[in-house]
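Q: from the sequence below, what's the structure:
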Amino acid sequence: MKVAGLGFKREVTLAALREALAAAGGPEDLAAVATVSDKAETAALKLLARELNVPIRPVSADVLAGIATPTQSESVKAKFGTGSVAEAAALAVAGRGARLVSTRALSQDRTATAAIAEGDAE
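A: Numbering: from 1, shown residues only. Got it, this is the predicted structure:
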């Protein structure tokens, strides 16, 4: 399963999410998008998921906190206990044997990050 993990600020736009996803490798063959649970109902994310025809998979902050990521944001680490919401969410949802195929990429306005993982989840 190929999953895009997305981390973003509340005021994120659909354009910023698209841009971060494109920078991470694009939406081809995605089975889902994932993010921290408390942002799963964000309007821009719902629009992106609808556009890509994939489900949104929310991941609890507790689960994200236990996932080591190759990139580190000090502010994200202080808030969520992991270095990258995008990377951790992608890894959590991709399932057993998950590996990042793209580390986090940022939108130009710095309101969105995306990372892509592949794993054995169905």
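
Q: buried set for stretch 65-80?
A: 67, 69, 73, 76, 80 (16 or more other Cβ atoms under 10 Å). Quick note: C-beta positions are derived from backbone N, CA and C, even for glycine.

Q: show me what the lowest-mean-pLDDT helix or strand in the chain is in contact with.
A: Every helix and strand in the chain was compared by mean pLDDT, DSSP states H and E; the lowest is helix 74-80, with a mean of 88. With Cβ atoms under 8 Å, 6 or more residues apart in numbering as the test, helix 74-80 has contacts from 7, 36, 61, 64, 65, 82, 83, 84, 85, 88.

Q: who wins on neighbours among the residues you listed?
A: If you count neighbours using other Cβ atoms under 10 Å, the busiest of the contacts of helix 74-80 is residue 88, which has 31 neighbours.

Q: mind checking how far that residue is from residue 53?
A: For residue 88, the distance to residue 53 equals 24 Å [Cβ to Cβ, to the nearest Å].
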